[in-house]
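Visitor: What follows is a predicted protein model with its sequence.
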Number of protein chains: 2
Amino acid sequence: MSQLDRSLIAGLPLFRTAKPEDLDRVLSSARSLRVAKDTTIFEEEAEGHSFFLLLDGHVRVVKTTPGGDQVIVRYISAGELIGIAHAMGRTTYPASAVAAVDCVVLAWPSAMWPEFMAQIPGFGETTYQTVGSRLQDVQARLVEMSTEQVEQRVARVVLRLAEQNGRKTGEGVEIDFPISRQDIAEMTGTTLHTVSRLLAAWEAKGLVKSGRQRVTVVEAGRLQSLAEGRAAST
Amino acid sequence: MSQLDRSLIAGLPLFRTAKPEDLDRVLSSARSLRVAKDTTIFEEEAEGHSFFLLLDGHVRVVKTTPGGDQVIVRYISAGELIGIAHAMGRTTYPASAVAAVDCVVLAWPSAMWPEFMAQIPGFGETTYQTVGSRLQDVQARLVEMSTEQVEQRVARVVLRLAEQNGRKTGEGVEIDFPISRQDIAEMTGTTLHTVSRLLAAWEAKGLVKSGRQRVTVVEAGRLQSLAEGRAAST
DNA sequence: GCGTCTGTTTGCGCCAGCGCAAATTCGATC
DNA sequence: GATCGAATTTGCGCTGGCGCAAACAGACGC
């Protein structure tokens, strides 16, 4: 296995306070993987033998119910860790991770987790803050699911995805990975039909542009109004 | 302030691996408070100056939306920490904590958090596992909110509360703190009216007994069937 | 023991959004 | 550029559960 280059991970917040020799050690024990679009990186309930760092691409984290319904718990973007169940004292993955586009990930055996925690300055603190902010985030979504109408929830999700994973285009901010109506439905607890109707209505009002697995936010402000429950003017 | 007795906290998982002198140090810096039923321990968004250990009683953790709707995020029972936002790198509390019954809590200034983490063996690991399991839990609820009908969600919540905070009585397992229809509604994203109708229907079928701020699970098995979406027989 | 207040029950009408089904369009592939 | 499959759109009917409103019942203070 050829040694990976330090520059791959040097800029990440996760390793902000790590020393160069730490980076080398981290990299020397890493496996680097290419993951094709729609490939599963790890499966819910499976033994959590490895943890991963997403170097490039986007990954969706999905839970499946006994009834076969899927729910997208969150999207992960480059620079974030995945499969860190181990950090929380679990031995199995609580959800599946699927590449939303072709991805590059680094993988380490879970057995190395304690070593990372102990030896990389700032690693523990950063990851725990990550877990904490994910908790905040999921709690916020729970509140939204409990109190808001479908239109507001969909508006919020579209806005959040555009903010966090947006790419400016001539027309507005486009979500920079393929996302279907079904995906949005699975993030908002509704059906692809309803999402389709909403996007069509918004497009007619000029709030968004959308196509096959593609959504562009044109008027973020008015969409924000919708998300907050104030009926959008016009 | 009189020194608190070690036995107050010696049995807790949180201090399982702490040494007796650690316990004394922890206690000597603690304030002990009695909190009357329905009193707020800390308010969402407020500056997180303290963290708390619930010694006795039950606390509900509540988030309020801009629109004024409340959502009960979880119940905390004796032995658990609350207000540990600080651990996750936040400076304000993400939710409010309200005493569900008369409670006894210990409080420490948040500034002491790093000291606890560094000096009490096992403290860090245990609390991070707690955060991790809360994340799992909220994620599971998010999935339920997204995919299940109201009746299933209410059944699940009642079962969970009875399991975690149940007290055996002659008739079944009673949730051992006062809980209103409104409270259950705020945990399941529905209205008190619907909860009332469901409990009435279940009571007619002999699955539960309930009264003013009181719920007893009589037939856990059949209620579990409901929670899993299989229509209950009879 | 009496009034009051808070929590609960229940009836009724309505509608947001689901389920089903069919048509359509867009990309990708050969 | 013809073919095929997946994603999307759209119509239609139905219903779970909400909103409103009013009556009711326990518990608690005086």
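Guide: Right, received. Where do you want to start?
Visitor: What's the first helix or strand after the longest helix along chain A?
Guide: For chain A, the longest helix by residue count, based on DSSP state H, is helix A:123-147. Next along the chain after helix A:123-147, taking DSSP states H and E as the criterion, comes helix A:150-165.
Visitor: now for that following helix, which elements pack on it?
Guide: Counting contacts by 3 or more Cβ pairs under 8 Å, 6 or more residues apart in numbering or on different chains; DSSP states H and E, helix A:150-165 packs against strand A:70-77, helix A:123-147, strand A:173-175, helix A:181-188, helix A:192-205, strand A:214-217, helix A:220-227. For the C-beta atoms, the positions are set from N, CA and C on the backbone; glycine is no exception.
Visitor: can you list the ones you listed in JSON lines and add distance to DNA strand D?
Guide: JSON lines is the format used below for the helices and strands packed on helix A:150-165 (distance: least, Cβ to the nearest atom of the strand, whole Å):
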{"stretch": "strand A:70-77", "distance to DNA strand D": "13"}
{"stretch": "helix A:123-147", "distance to DNA strand D": "9"}
{"stretch": "strand A:173-175", "distance to DNA strand D": "11"}
{"stretch": "helix A:181-188", "distance to DNA strand D": "4"}
{"stretch": "helix A:192-205", "distance to DNA strand D": "3"}
{"stretch": "strand A:214-217", "distance to DNA strand D": "7"}
{"stretch": "helix A:220-227", "distance to DNA strand D": "16"}
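Visitor: how about these, which one is nearest DNA strand C?
Guide: helix A:192-205 (3.1 Å; Cβ to the nearest atom of the strand).
Visitor: For that closest one, list every residue counted as buried.
Guide: The neighbour-count check on helix A:192-205 (16 or more other Cβ atoms under 10 Å in any protein chain shown) flags A:Thr194, A:Val195, A:Ser196, A:Leu198, A:Leu199, A:Trp202, A:Glu203 as buried.
Visitor: Up against DNA strand C, what does chain A have?
Guide: Counting by Cβ under 7 Å from any atom of the strand, chain A comes close to DNA strand C at A:Gln149, A:Val150, A:Glu151, A:Gly189, A:Thr190, A:Thr191, A:His193, A:Thr194, A:Gly211, A:Arg212.
Visitor: try 6 Å
Guide: Contact residues, chain A versus DNA strand C (Cβ under 6 Å from any atom of the strand): A:Gln149, A:Val150, A:Glu151, A:Thr190, A:Thr191, A:His193, A:Thr194, A:Gly211, A:Arg212.
Visitor: Let me know the secondary structure of the fourth one.
Guide: In the three-state summary, A:Thr190 is assigned as coil, counting by DSSP: H, G, I helix; E, B strand; the rest coil.
Visitor: Skip the chain neighbours and tell me the closest residue to it.
Guide: Counting by Cβ to Cβ, 6 or more residues apart in numbering or on different chains, A:Thr190 lies nearest to A:Val150, which is 4.9 Å off, once chain neighbours are set aside.
Visitor: ok, now how distant is the one you found from A:Val157?
Guide: 11 Å (Cβ to Cβ, to the nearest Å).
Visitor: Compare these two (neighbour count), which wins?
Guide: Between A:Val150 and A:Val157, counting by other Cβ atoms under 10 Å in any protein chain shown, A:Val157 is the more crowded of the two (22 against 16).
Visitor: that older thread, what residues do A:Val150 and A:Val157 have in common as contacts?
Guide: Common neighbours of A:Val150 and A:Val157 (criterion: Cβ atoms under 8 Å, 6 or more residues apart in numbering or on different chains): A:Thr188.
Visitor: In CSV: the residues of chain A next to DNA strand C, plus pLDDT.
Guide: Below are the residues of chain A next to DNA strand C laid out as CSV (pLDDT from 0 to 100):
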residue, pLDDT
A:Gln149, 95
A:Val150, 97
A:Glu151, 96
A:Thr190, 97
A:Thr191, 97
A:His193, 97
A:Thr194, 97
A:Gly211, 89
A:Arg212, 92
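Visitor: Redo the residues you listed as TSV? Include distance to A:Thr92.
Guide: Listed next are the residues of chain A next to DNA strand C as TSV, based on distance: Cβ to Cβ, whole Å:
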residue	distance to A:Thr92
A:Gln149	35
A:Val150	33
A:Glu151	36
A:Thr190	29
A:Thr191	30
A:His193	34
A:Thr194	33
A:Gly211	38
A:Arg212	36
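Visitor: So of these, which two are at opposite extremes in space?
Guide: A:Gln149 and A:Arg212 (26.4 Å; Cβ to Cβ).
Visitor: Going by how many neighbours each has, rank those two and give me the top one.
Guide: A:Gln149 (11 against 7).
Visitor: can you pull the contacts of the more buried one?
Guide: A:Gly229.
Visitor: please redo it, this time with the cut-off set to 10 Å
Guide: Each residue near A:Gln149 by Cβ atoms under 10 Å, 6 or more residues apart in numbering or on different chains is listed here: A:Ala155, A:Thr190, A:Leu226, A:Gly229.
Visitor: The second one touches A:Asp183, doesn't it?
Guide: Yep, that's A:Thr190 we're talking about. No: applying Cβ atoms under 10 Å, one finds A:Thr190 not in contact with A:Asp183, separated by 11.7 Å.
Visitor: For the two, indicate the residue with more neighbours.
Guide: A:Asp183 (23 against 19).
Visitor: who does the closest residue to that one other than its chain neighbours bridge with?
Guide: Leaving out its chain neighbours, the residue that sits closest to A:Asp183 by Cβ to Cβ, 6+ apart is A:Ile72, at 6.3 Å. Beta-bridge partners of A:Ile72, counted by DSSP bridges, are A:Val62.
Visitor: which parts of the helix or strand bottoming out on mean pLDDT in chain A are buried?
Guide: Ranking every helix and strand in chain A by mean pLDDT, DSSP states H and E puts helix A:7-10 at the bottom, with a mean of 86. Of the residues in helix A:7-10, A:Leu8, A:Ile9 count as buried by neighbour count, 16+ other Cβ under 10 Å.
Visitor: Just list what it packs against, helices and strands only.
Guide: Applying 3 or more Cβ pairs under 10 Å, 6 or more residues apart in numbering or on different chains; DSSP states H and E, one finds that helix A:7-10 contacts helix A:20-28, strand A:50-56, strand A:103-109.
Visitor: Could you report the distance from the residue nearest in space to the middle of chain A to A:Ala99?
Guide: Nearest residue to the geometric centre of chain A (Cα atoms, centre = their mean): A:Tyr75, 1.7 Å. Taking Cβ to Cβ as the measure, A:Tyr75 falls 11 Å from A:Ala99.
Visitor: Then A:Val218?
Guide: For A:Val218, the distance to A:Ala99 - Cβ to Cβ - is 28 Å.
Visitor: Just want to know which of the two has more residues nearby.
Guide: Applying other Cβ under 10 Å to A:Val218 and A:Ala99 shows that A:Ala99 carries more neighbours, namely 22 against 19.
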